[in-house]
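A.B. asks: pasting the structure only:
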């Protein structure tokens, strides 16, 4: 296969002692990665809007609304930063990411993805080691690859990536022991109309685009702050 090919070589996925050949798949593109990051940020922004409407008295007594709001903002900010560097991802990394998406079920990728993005957002464990899209996804591939491959669900690589997080409660704040509003959130979402869901998604998408454009504009005018521990 030539270096300029957009196809990923066939993979042999071992499961239960049997080998399955995965047909060549068109590799993910920079546009696909941007779409994934945009959808992830959109989900977090939608989550904040939903939580704003939930009755606080039904949350865990230790729930800190301000802290978790800042936590969501930090995650979105980290995703905006990552999206700014996607175009510098080499083709070989895109192919490796494609292989990851086709060789592992989304459930296997969810927790490693959440761990890394949370480290980046909260600036713990030397987050600058993976503050660009290339470093970030290399770290994700390394973490997930420690597990045995498994037959992935059907769908394109991008469709598989979009299952690496849950659109409802994307960074699992509702499940935190100091929050515990999973049922309350689920009940609220169930009552939403399709139109409301569409409006929330559109607002979240628009907010992310505005943040990215603003960041790009500011980066053109001012040097970026150096990242530290």
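C.D. replies: Thanks, I have the structure now. What you are looking at is a predicted structure, and each value in this text was computed from that prediction instead of being measured.

A.B. asks: Might one say that residue 46 is in contact with residue 199?
C.D. replies: No: using Cβ atoms under 8 Å, residue 46 is not in contact with residue 199, being 9.9 Å away. (C-beta placed from N, C-alpha, C; glycine too.)

A.B. asks: quick one: which of these two has more around it?
C.D. replies: The neighbour comparison of residue 46 against residue 199 (other Cβ atoms under 10 Å) goes to residue 46, with 23 against 14.

A.B. asks: Which other helices and strands does the longest helix seen in the chain contact?
C.D. replies: The residue-count maximum for a helix in the chain (DSSP state H) belongs to helix 194-221. If contacts are counted by 3 or more Cβ pairs under 8 Å, 6 or more residues apart in numbering; DSSP states H and E, helix 194-221 sits against helix 30-52, helix 65-83.

A.B. asks: Report the mean confidence score over stretch 218-228.
C.D. replies: Across stretch 218-228, pLDDT averages out at 56.

A.B. asks: Nearest residue to residue 165 in space, please, no chain neighbours.
C.D. replies: Nearest residue to residue 165, sequence neighbours excluded (Cβ to Cβ, 6 or more residues apart in numbering): residue 40, at 5.7 Å.

A.B. asks: Quick one: closest of the helices and strands packed on helix 194-221 to residue 96.
C.D. replies: For residue 96, the closest of those is helix 30-52, at 12.3 Å, according to Cβ to Cβ.

A.B. asks: which other helices and strands contact the closest one?
C.D. replies: Using 3+ Cβ pairs under 8 Å, 6+ apart, helix 30-52 sits against helix 65-83, helix 91-103, helix 133-144, helix 157-161, helix 182-191, helix 194-221.

A.B. asks: let's see 6 Å
C.D. replies: helix 65-83, helix 194-221 (3 or more Cβ pairs under 6 Å, 6 or more residues apart in numbering; DSSP states H and E).

A.B. asks: got the buried residues for stretch 161-179?
C.D. replies: When burial is assessed from 16 or more other Cβ atoms under 10 Å, stretch 161-179 yields the following buried residues: 161-165, 167, 169-171, 173-174, 176, 179.

A.B. asks: related to what we said a few turns ago, what about the residue nearest to residue 165, how many residues close to it?
C.D. replies: 25.

A.B. asks: Helix 182-191 and the longest helix of the chain, what's the angle between them?
C.D. replies: Interaxial angle, helix 194-221 versus helix 182-191 (axes from the mean of the first three to the mean of the last three Cα atoms, to 10 degrees): 110 degrees.

A.B. asks: Distance of residue 116 relative to residue 39?
C.D. replies: As defined by Cβ to Cβ, to the nearest Å, residue 116 lies at a distance of 17 Å from residue 39.

A.B. asks: Ok, residue 81 next?
C.D. replies: 16 Å.

A.B. asks: Please apply the same query to residue 173.
C.D. replies: Residue 173 is 18 Å from residue 39, by Cβ to Cβ.

A.B. asks: With adjacent residues omitted, what lies nearest to residue 64?
C.D. replies: Leaving aside its chain neighbours, residue 64 sits nearest to residue 178 (7.3 Å; criterion: Cβ to Cβ, 6+ apart).

A.B. asks: Was I right to think that neighbour contacts residue 59?
C.D. replies: No: if you go by Cβ atoms under 6 Å, residue 178 and residue 59 don't touch, sitting 9.1 Å apart.
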